[in-house]
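[1] Need a 3D model of the sequence below.
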Amino acid sequence: MIRAEHEIHQRRRSRNIGLGIVLVGFIAIVFGLTVVKVQQLGAVQGFDHVVRPELLPGEEAPN
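    Purely as a prediction, here's the structure:
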């Protein structure tokens, strides 16, 4: 078995670690923004291509 590492393996490892850190940071930013958005808006109705009277401005929703 050959166990000696070439210089290119060390460079690739450091690049992969750097890329991993960047990806984890990006995921953390997206997750954080999602949490903030959900906290600010609360439970909102999803868009399902149907007109919802309670979402129309200036009209009272029928009970």
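[2] Show me the shaky parts of the chain.
    For the chain, applying pLDDT under 70 flags the ranges 1-2, 42-52, 55, 59-63.
[3] Would you map the helices across it?
    Along the chain, counting by DSSP state H, helices occupy 7-41.
[4] Now do Leu19: how many residues are near it, please.
    10 (other C-beta atoms under 10 Å). Using the backbone N, CA and C atoms, a C-beta is placed for each residue, glycine as well.
[5] quick one: it from Phe26, how far?
    Note on Leu19: its distance to Phe26, by C-beta to C-beta, to the nearest Å, is 10 Å.
[6] do the same with Gln39
    21 Å.
[7] Next: Gly18.
    In terms of C-beta to C-beta, Gly18 sits 13 Å off from Phe26.
[8] swap in Leu56?
    On the measure of C-beta to C-beta, Leu56 and Phe26 end up 38 Å apart.
[9] before we move on, what about Arg15?
    With C-beta to C-beta as the criterion, Arg15 and Phe26 are 16 Å apart.
[10] Could you do Glu54 as well?
    Taken as C-beta to C-beta, the span from Glu54 to Phe26 is 36 Å.
[11] Gln10 now?
    Relative to Phe26, and taking C-beta to C-beta, Gln10 is found at 25 Å.
[12] ok, now Val36?
    16 Å.
[13] just Glu7 next, same as before
    Taken as C-beta to C-beta, the span from Glu7 to Phe26 is 29 Å.
[14] the more surrounded of these two?
    Between Glu7 and Phe26, counted using other C-beta under 10 Å, the more crowded position is Phe26 (10 against 7).
[15] ok, residues contacting stretch 6-19?
    Identification of contacts with stretch 6-19 by C-beta atoms under 8 Å, 6 or more residues apart in numbering yields no residue at all.
[16] Name the residues of it that are buried.
    Residues of stretch 6-19 classed as buried: none (neighbour count, 16 or more other C-beta atoms under 10 Å).
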